[in-house]
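Trainee: What shape does this take:
(one chain, ligands or ions: 1)
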Amino acid sequence: MLPEAASSYAPAVDRVFWVIFGLSAFFFLLIVAFLVYFVLRYRNNREVLPAFESVHLEIAWTVIPFVLVIGIFYLGWKAFVIQRAVPEQAFELQVNARQWLWEFRTPDGQVSVNRVVIPADTPVKVILSSSDVIHSFYVPAFRMKMDAVPGRYTYAWFEAKPGTYTVLCAEYCGAAHSRMLATLEVVPKEEYEKRKQPSAVPAAATSRDPVAWGRELYETKGCNACHSLDGTPGVGPSLKGLFGHEVRLQDGRVVKADENYIRRSILDPTADVVEGFNPVMPPFAGLLSEEEINALIAFIKSLQ
Ligand SMILES: [Cu+2]
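Mentor: Numbering: from 1, shown residues only. This next block holds a predicted model:
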């Protein structure tokens, strides 16, 4: 009755569904059965029944639902935690949503629209962004759904068996989200290595290697005036080894330099000022396209 369960955690999600469904069906039938019984049994009864109290009954109808609800929470929590904890060394699939299509970018440089080939039996981290409005990346066969939100990155992951799966946009608040269909072609690892093709989109900027493009932007946008690549601090901190490390900020917070942090540091530098530096970096909001920001982040990531 449910769609094929094609990701590693789909059975855990289905278990929660069936438990909740089963409990709901059981109590629905029980209540309807009593309802029908009482309606028939007391249909001619005019006398007022004496008041009835039972401490045992009250304890039972408090404790039993409590145990059931906590049980549902426990199962749901277990499935949720698996979905949020991305395994190390995952294959990073960048997905950018736009009115009205999905743009995919794989670590080996494939760029494509509405169709992507990815390896099977490999943890795949989906890093979502949006160029315009909120979209929602939904793969029913994986039991996976995550919003793509303009101005930030969100993530989800899956490990799928080989097959061809449909991606839907589950954000139904605009004209054509429901037509944003894409296909994930999950193929065995060896076949993936063979099928890796150069970009399917010939368009100028989008098919460029993001790391090389990011390096070029680092120079043309003047980042090199303040940021070195060799670890020596200048006007600003060196970008070498930044990604994935912890950064101590002026206001005492310690944050992890992930994609969102780097994005914010570029677009709105005074939001997180690095300890020991003056807030002199100009904000780049509005000066870089979404693709350029992604390229700069890919470049900074490569500086390990
Ligand atoms: Cu959409």
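
Trainee: alpha carbons only for contacts and neighbour counts from here, please
Mentor: OK.

Trainee: all strands for this structure, in order.
Mentor: 91-98, 101-105, 111-113, 115-119, 124-130, 135-139, 144-148, 154-158, 163-169, 182-187, 246-248, 254-256 (DSSP state E).

Trainee: Arg43: which of those is closest?
Mentor: Counting by Cα to Cα, Arg43 lies closest to strand 144-148 out of the strands of the chain; the figure is 49.9 Å.

Trainee: Just the residues contacting the closest one, thanks.
Mentor: Defining contact as Cα atoms under 8 Å, 6 or more residues apart in numbering, one finds that strand 144-148 is touched by 96-97, 128-130, 134-139, 154-158.

Trainee: and if you look at stretch 224-238?
Mentor: Applying Cα under 8 Å, 6+ apart, the set of residues contacting stretch 224-238 is Tyr218, Leu239, Lys240, Gly241, Val274, Phe277, Asn278, Met281, Leu303.

Trainee: what about 6 Å?
Mentor: Outside of stretch 224-238, the residues within contact range by Cα atoms under 6 Å, 6 or more residues apart in numbering are Leu239, Lys240.

Trainee: Please identify the buried residues of the longest helix along the chain?
Mentor: Scanning the chain for the helix with the most residues, using DSSP state H, yields helix 10-41. Within helix 10-41, the residues scored as buried using 16 or more other Cα atoms under 10 Å are Ala10, Ala12, Val13, Val16, Ile20.

Trainee: by how many degrees do that helix and strand 154-158 diverge?
Mentor: 90 degrees (axes from the mean of the first three to the mean of the last three Cα atoms, to 10 degrees).

Trainee: orientation of helix 10-41 relative to strand 144-148 in degrees?
Mentor: Using the same axes, to 10 degrees: helix 10-41 against strand 144-148 is 100 degrees.

Trainee: Which elements pack onto helix 10-41?
Mentor: Here helix 10-41 touches no other helix or strand, going by 3 or more Cα pairs under 6 Å, 6 or more residues apart in numbering; DSSP states H and E.

Trainee: If we use 10 Å, what do you get?
Mentor: helix 55-84 (3 or more Cα pairs under 10 Å, 6 or more residues apart in numbering; DSSP states H and E).

Trainee: partners of the lowest-mean-pLDDT helix or strand in the chain, with directions?
Mentor: None of the helices or strands of the chain scores lower by mean pLDDT, DSSP states H and E than strand 111-113, at a mean of 82. Note on strand 111-113: by DSSP bridges, its sheet partners are strand 101-105 (antiparallel).

Trainee: For the strand it pairs with, which outside residues touch it?
Mentor: 92-97, 110-117, 126-130, 135, 137, 167-169, 176-177, 179-183, 199, 201, 206-207, 210 (Cα atoms under 10 Å, 6 or more residues apart in numbering).

Trainee: Quick one, which of the residues you listed are buried?
Mentor: 92-97, 110-117, 126-130, 135, 137, 167-169, 177, 180-183, 199, 206-207, 210.

Trainee: Flag the shaky bits of the stretch 1-150 of the chain, pLDDT-wise.
Mentor: 45 (pLDDT under 70).

Trainee: now do the same end-to-end measure for stretch 166-175.
Mentor: 20 Å (Cα to Cα, to the nearest Å).

Trainee: next one: stretch 2-15
Mentor: End residues of stretch 2-15 are separated by 11 Å (Cα to Cα).

Trainee: Contacts for it, please.
Mentor: 17, 20-21, 75-76, 78-80, 82-83, 120-121, 123, 139-144, 157-165.

Trainee: In PyMOL, how would I select the buried members of the residues you listed?
Mentor: In PyMOL, a selection of the buried entries from the contacts of stretch 2-15 looks like this (16+ other Cα under 10 Å):
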select buried, resi 20+75+76+79+82+83+120+121+123+139+140+141+142+143+144+157+158+159+160+161+162+165
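
Trainee: got a list of what Phe80 touches?
Mentor: Contacts of Phe80 by Cα under 10 Å, 6+ apart are Tyr9, Ala12, Val13, Tyr74.
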